[in-house]
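>>> One predicted model, sequence on top.
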Amino acid sequence: MAVDYTTQAAGGIGDAVLRKEDRKFVTGEGRYVDDLKLPGMLHAAFVRSPFGHARITSIDAAAALALPGVHAVLTHESLPVETGVLSASNPGGDVRHPEQAILVKEIARYVGEPVAMVIADDRYLARDGADLVHVEYDPLPVVVDAEKALEAGAPLVHAEYDSNLVKTLEHHTDGFDDAMAKASKVIKLRVDNQRLTPSAMETRGCIGDWQDATGEVTLYTSTQVAHFVRTFVSIVCGTSEAKVRVVTPDVGGGFGAKLNTYREEFAVCAASHAVGRPVKWIEDRTEAGVATIHGRAQVQYYEVGVTDEGKIVALKFDAIQNNGAYNMLLTPSISHLTLFMVPGLYDIQDISIRIRQAFTNTTPTDAYRGAGRPEATHGIERLMDAIADELGIDAAEIRRRNFIKPEQFPYSSATGLIYDSGSYDENLDAALELSDYAGFEARRAESEAKGKYRGIGLSTYVEVCGLAPSAVTAALGIGAPGWEHSTVRLHPTGKATVITGTSPHGQGHATSWSQITQTELGIPFEDVEVIHGDTAFQPYGLGTYGSRSLAVGGIALYRSLGKVREKARELAAHLLECSVDDMEWTGTAWQVKGSPDRSKTIQELAYAGWTSASLPEGIEPVLEATTFHDPPNFTFPSGTHVCEVEIDPDTGRIEILKYTAVDDCGNVINPLIVDGQVHGGIIQGLGQALFEETVYAEDGQMLTPTFVEYLVPSAADVPEMTLSRTTTPSPSNPLGVKGIGEAGTIGASAAIVNAAVDALSGLGVRHIEMPMQPARIWNVIQEAKS
Amino acid sequence: MIPSTLEYTKASSIDEAVAAVAAGAVPLSGGQSLMPMMRLRLAAPHAIVDLSGIPELVGICEDEDEIAVGAMTIHREIAASELIRAHAGLVADAAGGIGSPQVRNRGTIGGSLGHADPHSDMPATLIAAGASVIAKGPNGERRILAEDLITTYLTTTLEPGEIITQVRIPKSDDHSAYAKFHRRAIDWTVVGVGVCIGDNGVRAAATGVADKPVRLSAFEAVLNGGGSLDDAIAKVAEGIEPHAGLDGSVEYKKHLLGVLARKAHGEASSR
Ligand SMILES: Cc1cc2nc3c(=O)[nH]c(=O)nc-3n(C[C@H](O)[C@H](O)[C@H](O)COP(=O)(O)OP(=O)(O)OC[C@H]3O[C@@H](n4cnc5c(N)ncnc54)[C@H](O)[C@@H]3O)c2cc1C
């Protein structure tokens, strides 16, 4: 979609308005946790385990305490908390949830696990003090690989269990065995979806401020879920939830890694309680590599039964998910999301799924952009190419033959979801056209003439967004609902404040929410202020993750705006002395039908509602409304991505020559923001496909703790992207929106890998694991040639 | 990523800097390597002396049959220097390809040599170009062949108290070029090769294939003995044993050595 980024559009739904929040961010005026300084504030540093698995035999803090400026050294024994970290995830029941003490109690289970906390006058002294804490460790056997962790005799991460199995998720349809038996061919594929380090520009950080006299505690933290944090802080720190306030200043990215409640967040509150002064902790970059959750880390075994025509008749999926050493907020639910999306956008009704989750001596994994769905999409999209290759059918054609067709919606998937709408052929057709798929072979020949390998790859995806109907989250064993809150408040001067339970950290809600307000209530875009991320202002917000903000929070806003508009209508009818039924909405005012001279603008009505000089019977003062919106269903964005690459056989380097993405996210509020989300998502998928991998040595050491070893793409690694859209509005919500926060990431990795495999297919290459760094590609070529 | 407490001084003359270093301070040039080392606490000096206030350490000029480059000259200036481009093109190539504009605007030639990272671009090209460095210490000045400066990871033959004040590059008429391979657009070099071709034969050196930059003696010997480029490439990794790492296997790095030697040789020949 050719969006003009250079001129300021109008401010309603569908307009490519420049983002309100950008001025402060690009001029460096954003205010993050680290910018906050409270009077008397002290600073914390953590002593972290250098071993993947070890028993702590002693902690000697004498030297640290002797350092001038060090106030306290806290350990498990002295940190005043009631419990350890809690998980809200129990899919299928009986998930093993071992205790995760805030500071290590006896046994450290991954490199970087916090053992002690040093509180000092400044950050540097705190770090110096941490280096002086002498901890004696007795190393224990380590297991980092999830498949090995599930083998008999593997070292136990938690000795209280008889194995490292966290939970087995299963889903089998009745007809699976029969269907598989009838297949004319069975194709197998193993796919390793590697571990990733979410790398938000702003690392985590928090300040705990415990007021002794009142028992009130304020926590400033870089999070996506302020209210979850508040609930959990009250439980862990043993105080009333009503006394806890969580404030989220500007947040510099999260990608799911801040959809969590972390030990450090509890620790700064408890430490503030212990020392009687505010305590700040800012995660440093290498610390972020081990202390913040990781993503993906799933090994998949596919077995697919097909007919000679390439129609899939049965699909078996057996995966091992590396949960890390403990379950964080949603860890066991992430591979549950994979389970739901195993069939992708294909009409596969006979399915057999098993996902075994394992404890290992590694940093816990949890939600990372896409959270379980990129794993499913990458796997099945690799599988579709394997089928195409095996049967000698074109990669686009094999997908087309298996797509769910438009007339099948609402579509009941074999995993129990109801896909709302979609037009997968339309996405594919548009993407093939834009990428000149038909003309590819000529381009391949051109590259061959230069001694290079050229390939084209497709990825067609559907994802599940708009998390989530609360009855469903409960049924899935998630101890939290999925609704969202909004309040719309009109001021006497006709300006509007929108309070939202969503928690933007880059998504631009201040802009999109203002656009919805302008269209639905006639208050100009620039007259709308959006407030988020402070539990003192909001009833309860569930936050921002799972591409849910617009599809759930945006609808909560839409409904509050409707309530205000209706209240304004009653007020207008009263003031204009006619019946409510005789009023019509002009977009900015209520008028008597057909009489523009008899009207009240929304601003006039806001004033009248405030002065309350004359209100209709039974109407309370002030134009304000609140909504708690629980969505009836998820939403299901879809798309087709096409990638074209060229590989230099001398070095193994992959160059992306062309990238085309056609996405269907339903109706669009702001095309500029949607394009930005798609761009960023694709780049993150590109990072996984080409560069990123979090690597552990067998002994539990982390080999990629800095950006020298962990390669995130820079702007210079990003190809030109051609974006387009199709639109099938979601029938599940009045705006017809679906969500676009994760789509790019979900679509990208398979398109890139499929292109690389296609490029090398002439050599007999059938599969390549990620990341496809040059050395790996060179090896693949050498092996294929020998 | 939080450095430990230390003392900071800024020297205004070479002698002042030498005195500080002799007293145990670590020299700070562009900080592009020292600061990350300190933040990771891989280096924890109790004192650093900043060399950025010493005018004599900056600049590029001709000095008889050599080009004198002040130790504090930044990569960007070296990349843009007509003089260096004319007489040692491979050094300009290397300087122009380091990191990002930010890094090239702060990082210096003296710091690159003093840091002695085995994946650094500058030292290999200076070795191939036959350059020397001038070191000054409490006992005065001495000249060290670039090839003799770096001994292993992050280690040089500088004596305690010595700093690099100048790099001297011969004003040769050699045709030269530097070719390197790195994984991302902005990234550390996996392997890099500098080649100089002149009346006195071919000189070549590589980075990323050992614990220090190395001369490609076997490659040079074949070419200087009248052998073909293909034969030289076939021997390029002789006597060289790279380390396997996340950036590639031993075989891959040996292979890259050949690819890059060919590329650098080709570019040098065409200049
Ligand atoms: C993001 C990034 C990317 C980079 N990419 C590359 C790259 O692609 N290729 C590459 O080659 N390099 C790269 N570098 C390193 C860069 O080239 C540095 O400039 C160089 O390594 C050190 O120079 P400096 O002036 O910054 O030295 P400093 O960091 O100030 O010092 C480095 C070391 O040298 C010592 N030292 C400094 N000056 C002297 C002196 N005059 N005498 C004796 N010892 C001295 C210091 O004590 C210290 O031990 C990169 C750095 C960064 C941060």
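Structure received.

>>> what are the bridge partners for residue 74, then?
Defaulting to chain A. A:M117 (DSSP bridges).

>>> Oops, wrong one, chain B.
B:T108.

>>> so how many other residues sit close to it?
22 (other C-beta atoms under 10 Å in any protein chain shown). All C-beta spots, glycine's among them, are computed from the backbone N, C-alpha and C.

>>> Need the per-residue pLDDT for it.
Turning to B:I74, the model gives it a pLDDT of 98.

>>> Point out where the chain drops to low pLDDT.
Went with chain A since none was named. Chain A contains residues with pLDDT under 70 at A:1-8.

>>> meant chain B actually
B:1.

>>> Excluding sequence neighbours, find me the nearest residue to the residue nearest to the spatial centre of it.
The residue lying closest to the centre of chain B (C-alpha atoms, centre = their mean) is B:P123, at 2.0 Å. If the residues on either side of it in the chain are set aside, B:P123 comes closest to B:P213, at 4.4 Å by C-beta to C-beta, 6 or more residues apart in numbering or on different chains.

>>> what about the one you found, distance to the ligand?
Separation of B:P213 from the ligand (C-beta to the nearest ligand atom, to the nearest Å): 10 Å.

>>> what does B:G89 give?
From B:G89 over to the ligand (counting by C-beta to the nearest ligand atom), the distance is 17 Å.

>>> got a list of what that residue touches?
Taking C-beta atoms under 8 Å, 6 or more residues apart in numbering or on different chains as the criterion, B:G89 is in contact with B:H175, B:S176, B:A177, B:A268, B:R271.

>>> Out of those residues, list just those in helices.
B:A268 (DSSP state H).

>>> Nearest to chain A, out of the contacts of B:G89: which one, please.
Distances from chain A to the contacts of B:G89, taken as C-beta to the nearest C-beta, are shortest for B:A177 (16.6 Å).

>>> buried subset of the contacts of B:G89?
B:H175, B:S176, B:A177, B:A268 (16 or more other C-beta atoms under 10 Å in any protein chain shown).

>>> if we can go back for a sec, which one of the contacts of B:G89 is nearest the ligand?
Of all the contacts of B:G89, the ligand sits closest to B:A177, with 16.3 Å by C-beta to the nearest ligand atom.

>>> what about the residue nearest to the closest one when sequence neighbours are not counted, how many residues close to it?
Among residues not flanking B:A177 along the chain, B:E267 sits closest, at 3.7 Å (C-beta to C-beta, 6+ apart). Burial measure for B:E267: 18 neighbouring residues, criterion other C-beta under 10 Å.

>>> correct me, but B:E267 touches B:G194?
No - between B:E267 and B:G194 there is no contact under C-beta atoms under 8 Å: 10.6 Å.

>>> which neighbours do those two share?
In contact with both B:E267 and B:G194: B:A177, using C-beta under 8 Å, 6+ apart.

>>> Show me how the record splits the chain into domains.
By default, I'm working from chain A. A:22-30+A:483-629, A:33-140+A:203-251+A:258-291, A:367-467+A:633-785 (automatic domain parsing).

>>> Correction: the question concerned chain B.
B:7-50, B:58-170, B:175-269.

>>> Which residues of chain B lie near the ligand?
B:26-34, B:51, B:71, B:98-99, B:103, B:106-108, B:110-112, B:114-115, B:117, B:120-122, B:163-164, B:188-189 (C-beta under 6 Å from any ligand atom).

>>> Keep only those of these that are in strands.
B:V26, B:P27, B:L28, B:I163, B:I164, B:T189 (DSSP state E).

>>> Of these, which is the most crowded?
That'd be B:I164 among those, by other C-beta under 10 Å, with 27 neighbours.

>>> Just grab the bridge partners of that residue for me.
Bridge pairing for B:I164 - DSSP bridges - gives B:A135.

>>> residues contacting it?
B:A71, B:G110, B:L113, B:G114, B:V133, B:I134, B:A135, B:L158.

>>> The first one and B:L57: what is the separation?
What it means is B:A71. Look at B:A71 and B:L57: by C-beta to C-beta, to the nearest Å, they are 5 Å apart.

>>> what touches both of the two?
B:L51, B:G110, B:T165.

>>> Would you mind listing what in the stretch 151-271 of chain B touches chain A?
Applying C-beta under 8 Å from any C-beta of the partner chain, one finds that the stretch 151-271 of chain B approaches chain A through B:181, B:183-188, B:190, B:246-249, B:251-252, B:255-256, B:259.

>>> if we can go back for a sec, surely the residue nearest to the centre of chain B meets B:A210?
No - look at B:P123 against B:A210 with C-beta under 8 Å: they stay out of range, at 11.7 Å.

>>> Longest helix in chain A, please.
helix A:555-575.

>>> list the buried ones in whichever helix or strand comes after that helix?
Moving toward the C-terminus from helix A:555-575, the next helix or strand (DSSP states H and E) is strand A:583-585. Neighbour-count burial for strand A:583-585, counted by 16+ other C-beta under 10 Å, picks out A:M583, A:W585.

>>> quick one on the thing from earlier: among the residues of the stretch 151-271 of chain B next to chain A, which are in helices?
B:E251, B:Y252, B:H255, B:L256, B:V259.

>>> Hmm, the last one is touching A:T651, no?
Spelled out, that is B:V259. Yes - B:V259 is within contact range of A:T651, at 6.3 Å (criterion: C-beta under 8 Å).

>>> So which of those two has more stuff around it?
Per other C-beta under 10 Å, whichever of B:V259 and A:T651 has more neighbours is A:T651, with 23 against 20.

>>> Check the secondary structure at the more buried one for me.
coil (DSSP: H, G, I helix; E, B strand; the rest coil).

>>> right, and B:S120 touches B:T207 too?
Yes - B:S120 is in contact with B:T207 according to C-beta under 8 Å; the separation is 6.2 Å.

>>> contacting residues around the residue nearest to the centre of chain B?
B:S112, B:L113, B:A116, B:A146, B:L149, B:I150, B:T207, B:K212, B:P213.

>>> cool, A:D128 as well?
If you count contacts by C-beta under 8 Å, 6+ apart, then A:D128 has A:L67, A:A120, B:S4, B:T5 around it.

>>> Just these: which are in strands?
Using DSSP E, those in strands are A:A120.

>>> count of neighbours near the nearest residue to B:L256 once chain neighbours are set aside?
In space, and not counting its chain neighbours, B:L256 is closest to B:V191: 4.2 Å by C-beta to C-beta, 6+ apart. If you count neighbours by other C-beta under 10 Å, B:V191 ends up with 28.

>>> now do the one 10 residues further on
Neighbours of B:G201 under the rule other C-beta under 10 Å: 13.
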